[in-house]
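Chemist: sharing a sequence plus its predicted fold:
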Number of protein chains: 2
Amino acid sequence: MGRRKTIDHERILDAAEDVTLELGAARLTLDAVATRAGISKGGLVYCFASKELLIKAMFTREMKRFEEELLSELAHFEGLPFARLHARIAASKHETENTRAKAASIMATISQMPEHVQEVRQAYTEDMEDVHRSAEDMRRATLALVAIEGAFLVRGLGLIDLTPEEWTGVFDDIATLIPKRSKN
Amino acid sequence: MGRRKTIDHERILDAAEDVTLELGAARLTLDAVATRAGISKGGLVYCFASKELLIKAMFTREMKRFEEELLSELAHFEGLPFARLHARIAASKHETENTRAKAASIMATISQMPEHVQEVRQAYTEDMEDVHRSAEDMRRATLALVAIEGAFLVRGLGLIDLTPEEWTGVFDDIATLIPKRSKN
DNA sequence: GTCTATATCAAGATAGAC
DNA sequence: GTCTATCTTGATATAGAC
């Protein structure tokens, strides 16, 4: 009973995200994560000394992943004004394992460690700088940023029920809100 | 020292919302709510037999409150196409005690009883019917609905940091997305 | 390094005094 | 109807075997 397995950190974080999405942040327990990851609770705690550290790790991994995806998308919008906004749309457009995982990690963090929400805000810092470079188009760009992240959250939490095609349309329409030229 | 107080259900729900907003949904405990409401835990449990019922009551009250506010705003947009969308913007535009309370109740529900999220969805049903009346303008109206609720959530959770004036601007800009005439 | 077993504690819920 | 005191559970975290 209880065969020894090599514990994979990534697998644990995946399990934590699954549990959060399926059962809700309040039922994100060490037991549930260990079971889902197919390891023992002791093994889990050996890797992540506390539940708080587990959640931080989950959160940090998703923020990092998303920033990387955003940077890779950015290449496709070289030279365009508000390139980061377009890249953000491209990275958020389809509901994938990644976008669901990001939503789960934000949920867990907000509900259990709301004092760390400021780290989410920081992720938008560069976008806002992008936006603020152009006083004239600032309002539309701000609208686009809010719409992107709002749509992402609303879809991730299942608050509005649209088909995948409709969601794609929503993000496409948001893209049309972004000003065509930035003023400087 | 244990003076008898008349327990006010509304006051308890207010306390639950305060705790959720200030400490996070995970720290929404019966102890914290009782203390914040200035009553004993026993008194609290006498009113709301379980934590789950407390959260449901908080959630239901806010959904009802918001629907009422939406209906009262609706009077100002009589005859306009997509009147409900405009009314929803008017009701969401400023960050008030009401909007914060609604965000708190949604947070608590999502994190502790995600199976009830579908009740949030229902609240949008009428708006979506409003939207679907016009195939032609549907996309823009859908975009507006997603943007409204997304902006509401993102602001309520503190994910993007804008000034009150900037938020007002965002909602005003969303209003301009709503089609001027509905096709029927 | 991974496991089982256990200690500790916090929180939901109950019982009964007032 | 509201309180205090207590019960019970479930979850985090620790100790120690393998």
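Modeler: Yep, it's here. Keep in mind the model is a prediction, meaning the values are calculated, not measured. Numbers count the residues shown, from 1 in each chain, chains lettered A, B, ... in the order given.
Chemist: can you name the residue of chain A nearest to chain B?
Modeler: Taking CB to the nearest CB as the measure, the point where chain A comes nearest chain B is A:G150, at 1.6 Å. Using the backbone N, CA and C atoms, a C-beta is placed for each residue, glycine as well.
Chemist: residues near the closest residue in space to that residue that isn't next to it in sequence, how many?
Modeler: Closest residue to A:G150 apart from its sequence neighbours, by CB to CB, 6 or more residues apart in numbering or on different chains: B:G150 at 1.6 Å. By the measure other CB atoms under 10 Å in any protein chain shown, the count of residues near B:G150 is 25.
Chemist: what helix or strand is B:G150 located in?
Modeler: B:G150 belongs to helix B:138-156 when assigned by DSSP states H and E.
Chemist: cool, A:Y46 as well?
Modeler: Secondary structure assignment for A:Y46, by DSSP H and E: helix A:41-47.
Chemist: and that helix, what does it pack against?
Modeler: With contacts taken as 3 or more CB pairs under 8 Å, 6 or more residues apart in numbering or on different chains; DSSP states H and E, helix A:41-47 sits against helix A:9-23, helix A:30-37.
Chemist: A:K64: which of the ones you listed is closest?
Modeler: Across those, the minimum distance to A:K64, taken as CB to CB, is reached by helix A:9-23, at 11.4 Å.
Chemist: does DNA strand C sit close to the closest one?
Modeler: No: under the criterion of CB under 7 Å from any atom of the strand, helix A:9-23 makes no contact with DNA strand C; the nearest approach is 8.8 Å.
Chemist: where does pLDDT dip in chain A?
Modeler: Segments of chain A classed as low confidence (criterion: pLDDT under 70) are A:1-3, A:182-184.
Chemist: for DNA strand D, what are the nearby residues on it?
Modeler: If contact is defined as CB under 7 Å from any atom of the strand, the residues of chain A in contact with DNA strand D are A:R27, A:L28, A:T29, A:L30, A:D31, A:K41, A:G42, A:V45, A:A49, A:S50, A:K51, A:E52.
Chemist: give me that answer again for 6 Å
Modeler: With the criterion set to CB under 6 Å from any atom of the strand, chain A comes near DNA strand D through A:T29, A:L30, A:D31, A:K41, A:G42, A:V45, A:S50, A:K51.
Chemist: what's the PyMOL syntax to select whichever of those are buried?
Modeler: Once 16 or more other CB atoms under 10 Å in any protein chain shown is used to decide burial, the buried members of the residues of chain A next to DNA strand D can be selected in PyMOL as follows:
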select buried, chain A and resi 30+51
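Chemist: tell me the contacts of the residue lying closest to A:F48 once chain neighbours are set aside?
Modeler: What sits nearest to A:F48 in space, not counting adjacent residues and going by CB to CB, 6+ apart, is A:L54, at 4.0 Å. Counting by CB atoms under 8 Å, 6 or more residues apart in numbering or on different chains, A:L54 touches A:I12, A:L13, A:A16, A:L30, A:V33, A:L44, A:F48.
Chemist: and what of A:K5?
Modeler: By CB under 8 Å, 6+ apart, A:K5 lies in contact with A:G38, A:I39, A:G43.
Chemist: re earlier: distance from the helix holding B:G150 to the middle of the chain?
Modeler: In terms of CA atoms, centre = their mean, to the nearest Å, the gap separating the centre of helix B:138-156 from the centre of its chain is 13 Å.
Chemist: report the inter-axis angle for it versus helix A:138-156.
Modeler: Angle, helix B:138-156 to helix A:138-156, by axes from the mean of the first three to the mean of the last three CA atoms, to 10 degrees: 90 degrees.
Chemist: mind checking which of the contacts of A:K5 are buried?
Modeler: In terms of neighbour count (16+ other CB under 10 Å), the buried residues within these are A:I39, A:G43.
Chemist: and the helix of greatest length in chain A, what's buried?
Modeler: Here the longest helix in chain A is taken by residue count, with DSSP state H as the criterion, and it is helix A:51-74. When neighbours are counted by 16+ other CB under 10 Å, the buried residues of helix A:51-74 are found to be A:51, A:54-59, A:61-63, A:66, A:69-70, A:73-74.
Chemist: before we move on, the earlier item: what's the helix holding B:G150 packed up against?
Modeler: If contacts are counted by 3+ CB pairs under 8 Å, 6+ apart, helix B:138-156 sits against helix A:138-156, helix A:164-175, helix B:83-92, helix B:97-112, helix B:125-132, helix B:164-175.
Chemist: residue closest to the middle of chain A?
Modeler: Nearest to the mean C-alpha position of chain A, by CA atoms, centre = their mean, lies A:K102 at 2.9 Å.
Chemist: residues contacting that one?
Modeler: By CB under 8 Å, 6+ apart, the residues touching A:K102 are A:E62, A:M63, A:R65, A:F66, A:F152, A:G156.
Chemist: that one and A:F152: what is the separation?
Modeler: Separation of A:K102 from A:F152 (CB to CB, to the nearest Å) stands at 8 Å.
Chemist: what does A:R11 give?
Modeler: Relative to A:F152, and taking CB to CB, A:R11 is found at 25 Å.
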